[in-house]
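J.: need coordinates for the below:
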Amino acid sequence: MKKILISAIVLIILSGCAYLGSAHYDNVFGAEQTQERIVPHTTGAGADFLQNVKPVLDTRCVVCHGCYDAPCQLKLSSPEGIDRGLSKDLVYDGTRLLATTPSRLLFDATDTKQWREKNFTPVLNERAQTEEANLAGSVLFNSLVLKQSHELPANEVLDDEFDFSLSRSQTCATMGEFDRLADEQPHAGMPYGLPGVSREEFNHLQNWLKDGGKMSHLKPPSQFDLNKIKGWEAFLNQDSLKYQLSARYIYEHWFLAHIYFTPENPKSFFKLVRSSTPPGEEIKLINTRRPYDDPKVSRVYYRFMQERSTILSKTHLPLELNEAKLLRLYEQFIAPDYTVTKMPSYKAQSASNPFKTFEVIPINSKYQFMLDEAELIIMGFIKGPVCRGQIALNVINDHFWVAFADPDKVATPAVGEMLVQHEDALELPAAEESNALPISSWVKYSVREKKYLQAKVELANDMFKGGEHLTTDLLWKGDGHNKNAALTIFRHFDSATVVKGFIGQEPKTTWILDYALFERIHYLLVAGFDVYGNIGHQLVTRLYMDFLRLEGEQNFLSLLPEAKRNQIKKQWYRNSPPDLSKFFKNNREFSQPSGIEYKTDNPQHELYTLMKETLAPVLSERYDYTKVPEPLSAINNMSAEAVNLLPQISFVLVK
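T.: Numbers count the residues shown, from 1 in each chain. The predicted structure follows:
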């Protein structure tokens, strides 16, 4: 505690009685100049950062400062983010009329000097590198001292002084502005709204900052990982057009994944990236807004780059790669008999439409590829570019199940031909890149969606005439072993969770996804979504997702008795907006009877029971709520009125 008190006194003496601007610090410690802070992990400073400093940042800081929604864009999850510092610009801005310039670490600037040119300001001292200056001139250190000097109020519940709302105003103080911030907001110290760091943690951070804030990257990959990467990069970067197109498709679906090669307790994760350099050379990242944007190089190479940032639950999309997966990709993309005569365009209108770009790849191959890692693909829009997910997530229900149509029944040549014929109707909002006019765009896409649905219903009426195949046999059964066949999604206001299995009580609604629907969800909310886009892009993306949700629910309704479908849908969408009701009425109905013989007046319950029986061999039992202890099971039976009084998320302490 003595060290903390001394540090606070030093800062008070330096600040005096007046607010100090940058000029004062320039006079005392010299002008700001970016510093070289990255040191090898084998050095004393590097080892200290990894062993003593990084654990504190990881446990006390990165849960807030680790994603797009990090306050002031301060990402404390990597050396690059710490050295980059703060920005007063918002990433999540639902009012901007024009798309803003992206500010993604590693991509949109290659060093700290470039971030300063983009108006990012330091949280580490960039003036004279003395112990005194390194503390007095550090926003990060001043924030820690401010918290130590003004601990949380004794109240059990924090009052309105603490603003945790999504639309909260941000004060991203530079060192020259910090004294005013401390005077006006004495409880703005870090960690904000939480208890201060412990004495031991403070000492680790203080010593690190005093010595110049030296940082090290994680230890380099093991030889085992490097050998695996060599084999995978060889597969993904062969010269034939067939391999190149397949690699492009794989990359556009895996670009967010945290890839690992050791099944038990992986130490390193990797990202699949586009590089202008081939395997064996240093990776040179291709910087584009979206994974399918024009790379502006003659040849794209797909490389594995070690993940440098702390792994966060809200952005973690783990994917294991092994020999079996490599063989599976060969069987799906290379072994089938098709020819690629030229690589497709990277122009936005076509590249944003996977049905055009990858038309030549067999539909069954593409669909089965997505099914193999269905949880990962669905997790993409739950944990992907949106990060703070109210844009994508306020269009889904709080709890629902997801199943998939069997590729052998719905990924047929006839379906593939229909998609080719209507590929223009399947155009997605990202075709307009990151600036869109919300009203006119929505009208355009609603017309196209109706056109596609009419074609889909016509084909479905023919494929399932008289209820043929229209039973739970229509469901993909995970090839008898793949637990991705059944998923459950829980939404918690602006975040969500995807788990394997049909978890919880029977939900109000369920999605059954087919290939075209699954593909559009990914390209709408993951590959094609730009968090830096304008209000039109974000709004049209959200409205288009309404169409896709309705389509998935309609696939589920198709298994219910024909006479009950509209009745159940009306119950789901009672009090819906007029535009939505009009959309329902104007669409041609699927008119084939269900092939299931229902025996009760509650066919939806019967269908859920049949779905569980059909998928029983692949249902995960990890979260089986029927095995919950009796006292907790009472929560499942709480009335809707009682639940409405609870906050969006409640944590239950189990002793």
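J.: show me the strands in the protein, by range?
T.: Secondary structure of the chain (DSSP state E): strands located at 258-260, 270-275, 301-306, 318-320, 399-404, 487-492, 495-500, 510-513.
J.: tell me the centre residue of the protein?
T.: residue 384 (1.4 Å; CA atoms, centre = their mean).
J.: correct me, but it touches residue 522?
T.: No: using CB atoms under 8 Å, residue 384 is not in contact with residue 522, being 9.2 Å away. Backbone N, C-alpha and C define where each C-beta goes, glycine included.
J.: related to what we said a few turns ago, out of the strands of the chain, which is closest to residue 537?
T.: Smallest distance to residue 537 across the strands of the chain (CB to CB): 21.3 Å, for strand 495-500.
J.: could you check the angle strand 487-492 makes with the closest one?
T.: Calculated by axes from the mean of the first three to the mean of the last three CA atoms, to 10 degrees, strand 495-500 forms an angle of 160 degrees with strand 487-492.
J.: just checking, what packs against strand 495-500?
T.: helix 374-383, strand 487-492 (3 or more CB pairs under 8 Å, 6 or more residues apart in numbering; DSSP states H and E).
J.: any idea which of those is most buried?
T.: helix 374-383 (a mean of 24; mean count of other CB atoms under 10 Å).
J.: centre of the chain to that one, how far?
T.: Its chain's C-alpha centre and that of helix 374-383 lie 8 Å apart, by CA atoms, centre = their mean, to the nearest Å.
J.: pop the domain breakdown of the protein in here.
T.: Domains of the chain are assigned by automatic domain parsing as 2-210, 219-343, 377-643.
J.: nearest residue to residue 66 other than its sequence neighbours?
T.: In this structure, residue 66 finds its nearest non-sequential neighbour in residue 77, 4.2 Å apart by CB to CB, 6 or more residues apart in numbering.
J.: pull the number of nearby residues for the one you found.
T.: 24 (other CB atoms under 10 Å).
J.: OK, contacts around it?
T.: If you count contacts by CB atoms under 8 Å, 6 or more residues apart in numbering, residue 77 has them with 57-58, 62, 65-66, 309-310, 312.
J.: which of those residues count as buried?
T.: In the contacts of residue 77, burial by neighbour count holds for 57-58, 62, 65-66, 309-310, counting by 16 or more other CB atoms under 10 Å.
J.: coming back round to it: could you point out which of the helices and strands packed on strand 495-500 sits nearest residue 536?
T.: Of all these, helix 374-383 comes closest under CB to CB, at 19.4 Å.
J.: output the contacting helices and strands for that closest one.
T.: helix 390-393, strand 399-404, strand 487-492, strand 495-500, helix 515-522.
J.: quick check: mean pLDDT across the last one?
T.: Summarised as a single mean, pLDDT over helix 515-522 is 97.
J.: quick one, it and strand 399-404 angle?
T.: Angle between the axes of helix 515-522 and strand 399-404 is 130 degrees (criterion: the same axes, to 10 degrees).
J.: what residues does helix 515-522 touch?
T.: Defining contact as CB under 8 Å, 6+ apart, one finds that helix 515-522 is touched by 253, 354-355, 363, 366-367, 370, 374, 377-378, 380-381, 404-405, 407, 410-411, 415, 419, 426, 428, 456, 513, 545, 548, 551-552, 555.
J.: just how off-centre is it within its chain?
T.: The answer for helix 515-522 is 17 Å, by CA atoms, centre = their mean.
J.: give me the angle between that helix and helix 374-383.
T.: Going by the same axes, to 10 degrees, helix 515-522 makes 40 degrees with helix 374-383.
J.: roughly how far does the closest residue in space to residue 397 that isn't next to it in sequence sit from residue 430?
T.: Distance criterion CB to CB, 6+ apart; nearest residue to residue 397, sequence neighbours excluded, is residue 509 at 5.8 Å. With distances taken as CB to CB, to the nearest Å, residue 509 is found 26 Å from residue 430.
J.: looking at those two, which has the bigger crowd around it?
T.: A direct count of neighbours by other CB under 10 Å for residue 509 and residue 430 places residue 430 higher, at 28 against 20.
J.: in this structure the more buried one contacts residue 530, no?
T.: Yes: proximity of residue 430 to residue 530 meets the contact threshold set by CB under 8 Å, at 7.5 Å.
J.: shared neighbours, these two?
T.: 290, 537.
J.: residue 285 against residue 108, yeah?
T.: No: Residue 285 is not in contact with residue 108 according to CB under 8 Å; the separation is 10.1 Å.
J.: what sits against the residue nearest to residue 295 when sequence neighbours are not counted?
T.: The shortest distance from residue 295 to any non-neighbouring residue, by CB to CB, 6+ apart, is to residue 286 (4.5 Å). Counting by CB under 8 Å, 6+ apart, residue 286 touches 273-276, 295-297, 300.
J.: ok, so of the residues you listed, who is nearest residue 621?
T.: Looking across the contacts of residue 286 and measuring by CB to CB, the closest to residue 621 is residue 273, at 36.8 Å.
J.: who's in contact with the closest residue to that closest one other than its chain neighbours?
T.: In space, and not counting its chain neighbours, residue 273 is closest to residue 305: 4.9 Å by CB to CB, 6+ apart. Residues in contact with residue 305, defined by CB under 8 Å, 6+ apart, are 270-271, 273, 283, 285.
J.: can you redo the residues you listed as a markdown table with pLDDT?
T.: What follows is these, written out as a markdown table (pLDDT from 0 to 100):
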| residue | pLDDT |
| --- | --- |
| 270 | 98 |
| 271 | 98 |
| 273 | 98 |
| 283 | 97 |
| 285 | 97 |
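J.: low-confidence ranges in the stretch 151-300 of the chain?
T.: Counting by pLDDT under 70, the stretch 151-300 of the chain shows no low-confidence range.
J.: apply 80 and report the result again.
T.: Low-confidence segments of the stretch 151-300 of the chain (pLDDT under 80): 154-156, 165-167, 265.
J.: for PyMOL, what selects the buried ones among the contacts of residue 286?
T.: Entered in PyMOL, the line below selects the buried ones among those, by 16+ other CB under 10 Å:
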select buried, resi 273+274+275+276+295+300
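J.: which one of the contacts of residue 286 is nearest residue 70?
T.: residue 273 (21.7 Å).
J.: and that closest one, bridged to which residues?
T.: residue 303 (DSSP bridges).
J.: for it, give its distance to residue 457.
T.: 41 Å.
J.: same deal with residue 239?
T.: Distance of residue 239 to residue 457, computed by CB to CB: 43 Å.
J.: tell me which of these two has more neighbours.
T.: residue 457 (18 against 7).
J.: just checking, that one touches residue 555?
T.: No: look at residue 457 against residue 555 with CB under 8 Å: they stay out of range, at 11.3 Å.
J.: re earlier: now the residue nearest to residue 397: how far from residue 608?
T.: Residue 509 sits at a distance of 11 Å from residue 608 (criterion: CB to CB).
J.: swap in residue 115?
T.: Where residue 608 is concerned, residue 115 sits at a distance of 52 Å (CB to CB).
J.: more neighbours: which of these two?
T.: Taking other CB under 10 Å, residue 115 and residue 608 do not tie; residue 115 has more neighbours (24 against 17).
J.: who's in contact with the more buried one?
T.: Residue 115 is in contact with 84-85, 109, counting by CB under 8 Å, 6+ apart.
J.: most neighbours, which of these?
T.: residue 84 (25 neighbours).
J.: which of the buried ones among the contacts of residue 77 sits closest to residue 153?
T.: residue 65 (23.1 Å).
J.: which residue sits closest to that closest one, ignoring its sequence neighbours?
T.: residue 76 (4.2 Å).
J.: verify the stated contact: that neighbour with residue 82.
T.: Yes: counting by CB under 8 Å, residue 82 is a contact partner of residue 76 at 5.7 Å.
J.: could you tell me which residues touch both of the two?
T.: residue 57.
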